[in-house]
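Any chance you could fold what I've pasted below:
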Amino acid sequence: MKPAHDTVTVLHYTSLWLPRTEIWLYHQVLHLPADIDSQVVCEATTNLDQFPFPNLHSLSHASWIESNWDKGLRKLRVRNHLGLLVRLSRKLKPQIVHSHFGNVGWANQNAVRKLGARHITTFYGLDVNHLPAVDPRWRMRYRDLFAEVDCILCEGPHMAGCITALGCPEDKVRVHHLGVRLDDIPYCPRNWQPGTPLRVLIAGTFREKKGIPLALAALGRVRREFPIELTIIGDATSEPRSQAEKRRILSALDAEGLRPHTRLLGFRTHGELMQEAYDHQVFLSPSITARDGDTEGGAPVTILEMAASGMPVVSTRHCDIPQVLPPGTPLADEGDVPGLVQRLYGLVENAGRWGRQLSATRDHVEQNFNAATQGKRLAEIYRECL
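Got it, this is the predicted structure:
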């Protein structure tokens, strides 16, 4: 009989638990096996009704004096890390601190060094390309992190290459796929009948890297040949660059004559997004590299969820998107509107033969991106790190 593993205590740190767009982080922590004692520490919380977690410790739940003292020390740069991280670690004695996002890992490194724990940092996207592009100080900060951190995790080989290009030793970088909860995503292969509207779904926060105006330009051309019904789930954040992207999206809807054929639903819960997904036939997600360097880093997890549900995905050769779809899946180049049009036409012209490709895509997701399997693999990484 195989001996049971000793329990490993892992302290996960993320600044905010949890934006609705980071459900992939929730699944990552939630699906760790029982012999991993996961504790989450953060500065503030949101959407707790959607992302409950029993071992959650937030500075926002501390006293007014403690909270403002901590914020003041970090604002004055007396320290970069959250004081609560150190206090909890002294109490819980974690073997591993897992920092989520590269900039968070850099802020935590001095605290982890003092605690004597192992340090794992996962990069996710904006931290890889955008931060070093808009603020060169992050290149030096990341080199400091790479010198001390025990392991860097990332979503795919493209992101791994970006991280090593920033100066991380290759032997510290490991690809660890994010996972989706396949038990909650029934497989329902879509179909389309000629003469009926093609129902297209776009979902994502309004940022340039999502390529939504390009998607609308492609749909505007396709609409001349057959009817389109479009749903957009998502909205702008308060960031000026996101607000500017919203204006570009609304302008593109009008320019392409799509406004009367479009439902703009704004932000929705993950459950509502998946309900809408089953009423649509194509998911359009043409990610690009933004002018400020922002990228997906890896690939949008929404692509995995839509593909797993049995919906054709039209996307681009951007970052690790080619890795999350089966080999041979037709993809457009970044910014290539005619390529997106060709891909959409290809779906329509072969509507009677979607089944085999959709089944292969579901199998691909089950084998490589199942949240339950990925949770076990992350536990193995923790034990190897020890």
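
Quick one: low-confidence residue ranges for the stretch 251-386 of the chain.
Along the stretch 251-386 of the chain, the model assigns pLDDT under 70 to no residue.

which stretches of it form strands?
Shown for the stretch 251-386 of the chain, the strands assigned by DSSP state E, counting those that start in this stretch span residues 262-266, 282-285, 313-315.

Take those strands and write them to a markdown table, including mean neighbour count and distance to Gln28.
Using the backbone N, CA and C atoms, a C-beta is placed for each residue, glycine as well. Conversion of the strands of the stretch 251-386 of the chain to a markdown table gives the following (neighbours: other CB atoms under 10 Å; distance: least, CB to CB, whole Å):
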| stretch | mean neighbour count | distance to Gln28 |
| --- | --- | --- |
| strand 262-266 | 13 | 26 |
| strand 282-285 | 24 | 21 |
| strand 313-315 | 24 | 22 |
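
For these, give me TSV that also has distance to Val175.
TSV is the format used below for those (distance: least, CB to CB, whole Å):
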stretch	distance to Val175
strand 262-266	34
strand 282-285	21
strand 313-315	20
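
so which of these comes closest to Phe53?
With respect to Phe53, and counting by CB to CB, the nearest of the strands of the stretch 251-386 of the chain is strand 262-266 at 26.0 Å.

List the neighbouring strands of that closest one plus their orientation.
Using DSSP bridges, the strands paired with strand 262-266 are strand 228-233 (parallel).

hang on, the earlier thing: I'd like to know which of the strands of the stretch 251-386 of the chain is closest to Lys91.
Nearest of the strands of the stretch 251-386 of the chain to Lys91, taken as CB to CB: strand 262-266 at 41.2 Å.

Using CSV, write out every CA atom in that closest one.
Output of strand 262-266 as CSV, limited to C-alpha atoms (Å, rounded to 0.1, in the frame of the first residue of the first chain):
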residue,chain,number,x,y,z
THR,A,262,-25.5,43.0,-31.0
ARG,A,263,-26.3,42.4,-27.4
LEU,A,264,-24.0,44.2,-25.0
LEU,A,265,-24.4,42.4,-21.7
GLY,A,266,-21.5,44.0,-19.7
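
Pop the domain breakdown of the chain in here.
The chain breaks down by automatic domain parsing into domains covering 8-179+370-385, 182-368.

Nearest approach to Leu25 belongs to which of the strands of the stretch 251-386 of the chain?
Closest to Leu25 of the strands of the stretch 251-386 of the chain is strand 282-285 (CB to CB; 19.6 Å).

Please name every helix or strand in contact with the closest one.
Applying 3 or more CB pairs under 8 Å, 6 or more residues apart in numbering; DSSP states H and E, we find strand 282-285 packed against strand 198-203, helix 212-222, helix 301-308, strand 313-315, helix 337-349.

what's it in contact with?
Outside strand 282-285, the residues that touch it by CB atoms under 8 Å, 6 or more residues apart in numbering are 190, 198-204, 210-211, 215, 218-219, 277, 300, 302-303, 306-307, 311-315, 340, 344, 347.

Partner strands of it, with direction?
Listed by DSSP bridges, the sheet partners of strand 282-285 and their directions read strand 198-203 (parallel), strand 313-315 (parallel).

What average pLDDT does the longest one get?
Strand 198-203 shows a mean pLDDT of 98 in the predicted model.

how far out from the middle of the chain is that strand?
Centre-to-centre, strand 198-203 and its host chain are 20 Å apart (CA atoms, centre = their mean, to the nearest Å).

Check the shortest one too.
Relative to the chain's own centre, strand 313-315 is displaced by 17 Å; criterion: CA atoms, centre = their mean.

Start the count at 304 instead of 1 going forward.
With 304 as the first residue, the last one maps to strand 616-618.

So which residues of the stretch 354-503 of the chain form helices?
367-378, 386-395, 405-418, 429-437, 440-451, 460-468 (DSSP state H, counting those that start in this stretch).

Compare these and give me the one nearest Lys549.
The closest of these to Lys549 is helix 429-437. By CB to CB, the value is 18.1 Å.

Need the residues that contact that closest one.
Here helix 429-437 makes contact (CB under 8 Å, 6+ apart) with 404-406, 441-442, 445, 457, 462, 465-466, 469, 592-593, 595-598, 600.

How about stretch 485-500?
501, 529-532, 577, 581, 583-585, 608, 611-615, 650-651, 654, 657-658, 661-662, 665, 668-669, 673-675.

wouldn't Ala580 be in contact with Leu504 here?
Yes. Under the criterion of CB atoms under 8 Å, Ala580 makes contact with Leu504 at 6.2 Å.

intersection of neighbour lists for those two?
With contacts taken as CB under 8 Å, 6+ apart, Ala580 and Leu504 have 586, 609, 614 as neighbours in common.

Name the nearest of those relative to Tyr329.
When the shared contacts of Ala580 and Leu504 are ranked by distance to Tyr329 (CB to CB), Met609 comes first, at 18.3 Å.

Correct me if wrong: the closest one contacts Val617.
No. At 10.3 Å, Met609 does not count as touching Val617 under the criterion of CB under 8 Å.

Quick one: residues contacting Pro615.
So Pro615 contacts 493, 584-586, 650, 657, 660-661 (CB under 8 Å, 6+ apart).

What count of nearby residues applies to Ser621?
Heads up, residue 621 is His, not Ser. For His621, the neighbour count with other CB atoms under 10 Å is 25.

Excluding chain neighbours, what is closest to it?
Ser590 (4.3 Å; CB to CB, 6 or more residues apart in numbering).

residue contacts, that neighbour?
Per CB under 8 Å, 6+ apart, neighbours of Ser590: 512-514, 598-599, 602-603, 618-619, 621-622, 624, 637.

By neighbours, which of those wins?
Of the contacts of Ser590, with other CB under 10 Å as the count, Glu599 tops at 31 neighbours.

if I look at it, how far off is Ser318?
20 Å (CB to CB, to the nearest Å).

what's the answer for Thr425, then?
Using CB to CB, one gets 14 Å for the distance from Thr425 to Ser318.

joint contacts of these two?
Phe404.

neighbour-wise, which of those two wins?
For Thr425 versus Ser318, neighbours defined as other CB under 10 Å are more numerous around Thr425 (25 against 15).
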